[in-house]
Structures are given as structure tokens and as C-alpha cells.
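Participant: Sequence plus the predicted model coming up.
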Amino acid sequence: MMFWYGHNVGGWGWLTMSIGMILFWALIITVAVLLFRALNRPQEHTHTPAPPSAEDILRERLARGEIDEDDYRRRLNTLRAGPLGKP
């Protein structure tokens, strides 16, 4: 008997409830879409690039002009000969 009177929702109450319901469903749908996108994203393989080889570094030094062509060839032959000059 207590709630039979005085619980009418006026125009502002209906407007507030309608906006609240729209915002609630917009939030639920946004969370669902973001979750769906996050779970279906292809996994990116992050890898570090391989460090430059000794021959690459030697080529770069020749290109920068740090060593001349004779020095380049001599060092390249040394690198290709293996450790301690053993083929």
C-alpha cells in the first residue's frame, strides 16, 4: 500500500532513464567490440633484427671511407680464411 502514491515518473524522469539506458547499452556494445577486436587481432611476431655480420661492418667502413680498397680486400680475405688464418 505504501507505493501506490507518489511514484509517478515525470517527463524529466523518463528522459533521464532513456538517456541512461542508451548510454548503458552504448557502453556494453563498445566494450564488446573492443574485446572482439583485441581477441581477433593477428599476433605480431616481434623480433630483433640480426646484428650486422663482420663483412657487413667491413663494407660499411669501406663505404664511409674509413678504409681503402686494399685494406678492405686484405681484411675480407682474413675474415674468410677463418680463425687464426685456417681455412
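Facilitator: Yes, it's here.
Participant: show me where the chain has strands.
Facilitator: Taking DSSP state E, the chain contains no strands at all.
Participant: center of it, which residue is that?
Facilitator: The centroid of the chain falls nearest to Glu44 when counting by C-alpha atoms, centre = their mean (7.4 Å).
Participant: any idea how far that one is from Arg75?
Facilitator: 39 Å (C-beta to C-beta, to the nearest Å). Glycine gets a C-beta too; all of them are placed from N, C-alpha and C.
Participant: show me what contacts Asn77?
Facilitator: By C-beta atoms under 8 Å, 6 or more residues apart in numbering, the contact set of Asn77 is empty.
Participant: Make residue 1 into 644 and carry on from there
Facilitator: With the count now opening at 644, the last piece we talked about shows up as Asn720.
Participant: in stretch 671-685, what counts as buried?
Facilitator: By neighbour count on 16 or more other C-beta atoms under 10 Å, the buried set for stretch 671-685 is empty.
Participant: which residues sit against that stretch?
Facilitator: For stretch 671-685, there are no external contacting residues (C-beta under 8 Å, 6+ apart).
Participant: Pull the distance from it to the chain's centre.
Facilitator: Distance, stretch centre to chain centre, for stretch 671-685: 17 Å (C-alpha atoms, centre = their mean, to the nearest Å).
Participant: Only the C-alpha atoms, please, for it, written as CSV.
Facilitator: Output in CSV follows, covering the C-alpha atoms of stretch 671-685 (Å, rounded to 0.1, in the frame of the first residue of the first chain):
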residue,chain,number,x,y,z
ILE,A,671,28.2,-2.5,-23.3
ILE,A,672,28.4,-2.6,-27.1
THR,A,673,31.7,-0.6,-27.1
VAL,A,674,33.3,-2.9,-24.6
ALA,A,675,32.2,-6.0,-26.6
VAL,A,676,33.5,-4.6,-29.9
LEU,A,677,36.9,-3.6,-28.3
LEU,A,678,37.2,-7.0,-26.7
PHE,A,679,36.3,-8.8,-30.0
ARG,A,680,38.9,-6.7,-31.9
ALA,A,681,41.6,-7.4,-29.3
LEU,A,682,41.0,-11.1,-29.3
ASN,A,683,40.9,-11.4,-33.1
ARG,A,684,44.0,-9.4,-33.8
PRO,A,685,46.7,-11.4,-35.5
